[in-house]
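Asker: What follows is a predicted structure for the sequence shown.
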Amino acid sequence: MLLLAACLSLTCGGNDGTSGDRVLRGVVYTTEPVVGASVTVRSLFNDFAYCTGVPTADDGSFVCPILAGDDGNWYVVAEGGAGLPAGTTLRGGVLDVVPLEERTITVSPVSDLAVALADARLAAGKDPDRIAAYHTAVALFDAHWDTDPFDADVKDLSAPSSLDDGAKLTLAIHGLAQLAAQAAVEQGVAAGSLTQLQLLALLRQDVAAPGEVFDGEGGALRLGTCADGLFLCEVGADSLRGYLGGAILAFARTPANGTGLGRDDLLTWLERLRTNAEPQLFGAAAVGPFDPLAPTVSWAAPSEGTTFNAGQSIAIDVSAADANGVASLTVEVVGATATVTDTDPSPERFVAMVPVAGLPEGPLTLTAIARDLDDNPASASRGVVIDQVSGGTISGTVTKGRVAGATVTAY
């Protein structure tokens, strides 16, 4: 009894946090370590609390000793701290820890989704008990992410890295944040108006609905203020497939990705993610693309309606943007034979000079055509006027009628 009472303390017999039959170490992470979170570790078998109120350190880490005799299956809840608003939790699970083992867990939005799936399956009677439901969820998510949602370690994405389990987990976590930001921008609000954790809450709601899958059939899963035609307005099966893959590709193009991993390195992994038709995760929902949105095309020059005279050239400056990258950008002169040569090496920008000589007189349309890396097209036109016939405009005063005393010179 005295030993049991001692082990109910936070460190179970010591202040270093490493005493006990087993040791659980972990990190709480969103897109960065969560500092000052409160962590609770409980048994999956009987809900016994091994650690409560363990604070995370400056690197988001925590440690919890586990009593001898436990079956080695636990769940973890983190709440509070920097990065987790009041009332928000992140959850994770730990399975099959053997005596004297020291296990490490990452508590993240990805681990939380696995717990949400396990809880939904248990509530629906799809698995015989909680431990079995956790095993099923881990197996399904391991096959989907190609990494363990609980045991993989997060990595520093600002440093060079191979595409290992830790990189895949961390890219998936950042991809969820990127997806939330893209959804906000598409809906015309600030990128921070829809957060990774708000998206996570909707995905939890989705999987908890009848069917116990991520299929968007869980009710009013609207992301902010939406209108018809906005593809990121609702949570659906592609939120964790093609759309997440597209968001990871978009993140890989940002300065925050210092791994050296680009589209070519990620595409095989993300294509498996995009095309995963596992009915226990996504129901019967058909797979979709990484990026169904076309790029945006913007004209810098010439200005709409500008007139160009004989001897002049049309300065063309047009750009295209796409979250996943622009494959090509071209400009054509509609209804005329003209050579338009791009002098900018970037596929996102087209710069050229087109001589007026040889162009037809009158209104003329210039059309820019862009395609993104998923072959979605977009175009934008700019109208100008070609006037090579008139002599231009002479300023001065014209007097109609007889003019006395005028000097006339004949040549």
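Answerer: Cool, the structure landed. Numbers count the residues shown, from 1 in each chain.
Asker: how about the one helix or strand Thr136 maps to: buried residues?
Answerer: Per DSSP states H and E, Thr136 falls inside helix 130-145. By 16 or more other Cβ atoms under 10 Å, the buried positions in helix 130-145 come out as 130-131, 133-138, 140-142, 144-145. No exception for glycine: its C-beta is placed from N, CA and C like everyone else's.
Asker: Over to stretch 196-216?
Answerer: Within stretch 196-216, judged by 16+ other Cβ under 10 Å, the buried ones are 196-204, 206-209, 211-216.
Asker: returning to what we had before: can you put the buried residues of helix 130-145 in TSV and add distance to Asp165?
Answerer: TSV is the format used below for these (distance: Cβ to Cβ, whole Å):
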residue	distance to Asp165
Arg130	25
Ile131	23
Ala133	23
Tyr134	19
His135	18
Thr136	20
Ala137	17
Val138	13
Leu140	16
Phe141	12
Asp142	10
His144	13
Trp145	9
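Asker: any chance of those in a markdown table, with pLDDT and distance to Val34 too?
Answerer: Shown next, in a markdown table, are the buried residues of helix 130-145 (pLDDT from 0 to 100; distance: Cβ to Cβ, whole Å):
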| residue | pLDDT | distance to Val34 |
| --- | --- | --- |
| Arg130 | 97 | 25 |
| Ile131 | 97 | 27 |
| Ala133 | 98 | 26 |
| Tyr134 | 98 | 22 |
| His135 | 98 | 27 |
| Thr136 | 98 | 27 |
| Ala137 | 98 | 22 |
| Val138 | 98 | 22 |
| Leu140 | 98 | 26 |
| Phe141 | 97 | 21 |
| Asp142 | 97 | 24 |
| His144 | 97 | 24 |
| Trp145 | 94 | 21 |
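Asker: Please report the distance of Pro128 from Arg121.
Answerer: 10 Å (Cβ to Cβ, to the nearest Å).
Asker: Cross the buried residues of stretch 196-216 against helices and list the overlap.
Answerer: Among the buried residues of stretch 196-216, the residues falling in helices (DSSP state H) are 196-204, 206-208.
Asker: List just the nearest of those to Gln178.
Answerer: Set against Gln178, the nearest of those by Cβ to Cβ is Gln196 (8.7 Å).
Asker: Which residues are in contact with that closest one?
Answerer: 30-31, 109, 173, 176-177, 180 (Cβ atoms under 8 Å, 6 or more residues apart in numbering).
Asker: Lowest-confidence one in the residues you listed?
Answerer: The pLDDT minimum for the contacts of Gln196 sits at Ala180, where the score is 91.
Asker: Which secondary structure state does that residue sit in?
Answerer: Following DSSP: H, G, I helix; E, B strand; the rest coil, we place Ala180 in the helix state.
Asker: Could you pull up the residues touching it?
Answerer: Counting by Cβ under 8 Å, 6+ apart, Ala180 has contacts 194-196, 198-199, 223.
Asker: what's the answer for Val389, then?
Answerer: With Cβ under 8 Å, 6+ apart, Val389 has these contacts: Glu361.
Asker: okay but Val23 is in contact with Leu67, surely?
Answerer: No: using Cβ atoms under 8 Å, Val23 is not in contact with Leu67; the gap is 11.4 Å.
Asker: Please identify which of those two sits among more neighbours.
Answerer: Val23 (19 against 16; other Cβ atoms under 10 Å).
Asker: can you pull out the strands in this protein?
Answerer: Taking DSSP state E to define them, one finds strands in the chain at 22-28, 38-43, 49-55, 61-66, 74-79, 89-94, 102-107, 296-301, 307-309, 313-321, 326-334, 349-355, 362-372, 377-387.
Asker: what's in contact with the second one?
Answerer: The set of residues that contact strand 38-43 without belonging to it, under Cβ under 8 Å, 6+ apart, is 24, 26, 28, 48-56, 62, 64, 66, 70-71, 73-81, 94, 107.
Asker: end-to-end on stretch 29-43?
Answerer: 22 Å (Cα to Cα, to the nearest Å).
Asker: in that stretch, what's buried?
Answerer: Those buried within stretch 29-43 under the rule 16+ other Cβ under 10 Å are 29-31, 33-35, 37-43.
Asker: now for those, which pair is the farthest apart?
Answerer: Thr31 and Ser43 (30.3 Å).
Asker: Okay, domains of this protein per the record?
Answerer: 2-106, 108-291, 296-387 (automatic domain parsing).
Asker: In this model Thr56 seems to touch Val28, though I could be wrong.
Answerer: Yes: in this structure Val28 lies within contact range of Thr56 using Cβ under 8 Å: 5.1 Å.
Asker: overlap in contacts of these two?
Answerer: 34, 37, 39, 62, 78, 81.
Asker: Who's the closest spatial neighbour of the last one, skipping the chain neighbours?
Answerer: Think Gly81. Ala37 (3.3 Å; Cβ to Cβ, 6 or more residues apart in numbering).
Asker: Could you pull up the residues touching the nearest residue to Gly260 once chain neighbours are set aside?
Answerer: In space, and not counting its chain neighbours, Gly260 is closest to Pro160: 4.8 Å by Cβ to Cβ, 6+ apart. By Cβ under 8 Å, 6+ apart, the contact list for Pro160 reads 258-260.
Asker: buried sites along stretch 319-330?
Answerer: 319-320, 322-329.
Asker: neighbouring contacts of it?
Answerer: 182, 246-247, 249-250, 253, 263, 290-291, 293-298, 300, 318, 340, 342, 347-350, 368-376, 378.
Asker: what about it, average pLDDT?
Answerer: 92.
Asker: so how far is that stretch from its chain's centroid?
Answerer: Remark: stretch 319-330 is offset 18 Å from the chain centroid, using Cα atoms, centre = their mean, to the nearest Å.
Asker: Equivalent analysis for stretch 175-185, please.
Answerer: For stretch 175-185, the distance to the chain centre is 5 Å (Cα atoms, centre = their mean).
Asker: could you dump it to CSV, C-alpha only?
Answerer: Below are the C-alpha coordinates for stretch 175-185, written out as CSV (Å, rounded to 0.1, in the frame of the first residue of the first chain):
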residue,chain,number,x,y,z
GLY,A,175,-0.5,20.4,-44.4
LEU,A,176,-3.6,20.6,-42.2
ALA,A,177,-2.6,24.2,-41.2
GLN,A,178,-1.9,25.1,-44.8
LEU,A,179,-5.3,23.6,-45.9
ALA,A,180,-7.1,25.7,-43.2
ALA,A,181,-5.3,28.9,-44.4
GLN,A,182,-6.1,28.2,-48.1
ALA,A,183,-9.8,27.7,-47.2
ALA,A,184,-9.8,31.0,-45.4
VAL,A,185,-8.2,32.9,-48.3
